[in-house]
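Colleague: Take a look and give me a structure for this.
(one chain, ligands or ions: 1)
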Amino acid sequence: MNLDVLAIGAHPDDVELCVGGTLAALVREGYRVGIVDCTRGEYGTRGSASLRLEEARRAQEILGVHRREFLDMPDSAVAPTEDAIIELVRVLRQYRPHVVLFPPPFERHPDHEAVHRIVRSAYFKSGLARLRTFGPDGTEQEPYRPARLYSYIQAYHHEADFFVDISQTFEQKLEAIRAYASQVYVPERYRSDEPETVLSRPDFLESVVARALLGKYDRCALRRRLPGSRAAWASFAQRALPVAATSPHGASPKSSAPAQRACWSPHPQ
Ligand SMILES: [Zn+2]
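Modeller: Down below sits the predicted model:
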């Protein structure tokens with residue numbers, strides 16, 4: 001199955017937290033969307049790898065995402081090795097996404113930075129005709145390079161190049177985050193005496209909701225800053241994703257969008 005958009009994260013729940021609303025909106029518009037988690041989160045303070053797998057499948061259902069794959073990179077020890085890069089080359093050649101969403105280059109968790117480097121290298125190498133790889137069924141894969149790479153924004157501050165209006169799918173995003181009951185504060189579904197983390201404290205989810213009071217957006221930064229970021233985001237909808245009709249706000253962002261930032265709503269009006 002070819003995908004229009006592939007979101008890659010280091011740990012199950014990274015993608016939901018950063019671009020869950022965007023993925024749900026794209027699914028509603030008829031795009032084929034996938035998630036790849038590079039690790040299974042087995043080194044997390046709370047829960048277990050098997051529980052996080054169940055939670056991730058539930059979150060996938062909530063967002064309506066078509067495919068989700070878990071790679072076996074070592075949690076908290078992800079490194080941009082040649083093996084890891086080739087593993088991602090295989091993924092890119094298998095799903096042939098137009099757009100890839102991935103972690104930013106400068107991040108609190110070293111795995112996030114490592115996945116950034118792995119994806120960038122895989123993006124380049126995936127297009128090399130003489131680099132031979134084989135798919136899950138053993139057949140040789142064709143070279144392929146996605147049209148666009150965009151970093152979503154995680155813990156550390158990066159200036160966003162564009163915001164995605166997720167007002168129609170914010171509740172879905174929140175529910176997908178709450179699917180990770182072992183990680184965030186959902187006392188009716190998960191109670192334990194494991195140590196608290198930043199995510200598992202009640203105020204984490206409250207902060208997600210509070211920030212949405214000012215506007216419901218997922219934030220993305222480009223892989224590299226391009227002249228004319230509005231045009232760059234318009235190209236996400238119009239060129240990289242040819243199924244889309246037009247980008248209603250690509251050329252003329254709504255006044256409710258943060259000043260000087262591109263804003264695209266995936267919902268035609
Ligand atoms: Zn993470």
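Colleague: What count of nearby residues applies to the closest residue to the ion within the stretch 51-200 of the chain?
Modeller: In the stretch 51-200 of the chain, the residue that lies nearest the ion is residue 109 (5.1 Å; CB to the ion). (Glycine included, C-beta is placed from N, CA and C.) Other residues within reach of residue 109, judged by other CB atoms under 10 Å, total 17.
Colleague: surely residue 109 meets residue 10?
Modeller: Yes - between residue 109 and residue 10 there is a contact under CB atoms under 8 Å: 6.8 Å.
Colleague: how about the strands in the protein?
Modeller: 5-9, 33-37, 67-70, 99-102, 148-152, 162-165, 217-222, 262-264 (DSSP state E).
Colleague: helices or strands next to the first one in the packing?
Modeller: If you count contacts as 3 or more CB pairs under 8 Å, 6 or more residues apart in numbering; DSSP states H and E, strand 5-9 packs onto helix 14-28, strand 33-37, helix 82-95, strand 99-102, helix 110-125.
Colleague: Pull the residues that contact the last one.
Modeller: Looking back up the chat, that one is helix 110-125. By CB atoms under 8 Å, 6 or more residues apart in numbering, the residues outside helix 110-125 that reach it are 8-11, 14, 38-39, 75-80, 84-86, 88-89, 91-92, 100, 102-107, 131, 145-146, 149, 151, 154-155, 223.
Colleague: Please identify the buried residues of it?
Modeller: Within helix 110-125, the residues scored as buried using 16 or more other CB atoms under 10 Å are 111-123, 125.
Colleague: need the contact list for the closest residue to residue 11 other than its chain neighbours.
Modeller: Nearest residue to residue 11, sequence neighbours excluded (CB to CB, 6 or more residues apart in numbering): residue 41, at 4.5 Å. The contact partners of residue 41, by CB under 8 Å, 6+ apart, come to 11-13, 47, 49, 52, 75.
Colleague: Can you convert the residues you listed into TSV and add a column each for distance to residue 192, neighbour count and pLDDT?
Modeller: Shown next, in TSV, are these (distance: CB to CB, whole Å; neighbours: other CB atoms under 10 Å; pLDDT from 0 to 100):
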residue	distance to residue 192	neighbour count	pLDDT
11	19	25	94
12	18	31	94
13	17	25	93
47	8	22	83
49	15	15	86
52	14	25	91
75	19	19	94
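Colleague: got a pLDDT number for residue 246?
Modeller: Note on residue 246: pLDDT of 36.
Colleague: typo on my end, it should be residue 207
Modeller: On the pLDDT scale, residue 207 is placed at 86.
Colleague: what about it, distance to the ion?
Modeller: Noted for residue 207: a distance of 17 Å to the ion, by CB to the ion, to the nearest Å.
Colleague: Can you report how many residues lie near that residue?
Modeller: Neighbourhood size, residue 207 [other CB under 10 Å]: 12.
Colleague: if we can go back for a sec, going through the contacts of helix 110-125, which ones are buried?
Modeller: Neighbour-count burial (16+ other CB under 10 Å) is assigned, among the contacts of helix 110-125, to 8-11, 14, 38-39, 75, 78, 80, 84-86, 88-89, 91-92, 100, 102-105, 107, 146, 149, 151, 154, 223.
Colleague: Among those, which ones lie close to the ion?
Modeller: Restricting those to those within reach of the ion (CB under 5 Å from the ion) leaves 10-11, 14.
Colleague: Next up, the contacts around residue 58.
Modeller: Residue 58 makes contact with residue 179, according to CB under 8 Å, 6+ apart.
Colleague: what does this structure put close to the ion?
Modeller: So the chain meets the ion at 10-11, 14 (CB under 5 Å from the ion).
Colleague: That's all I had, so thanks and see you.
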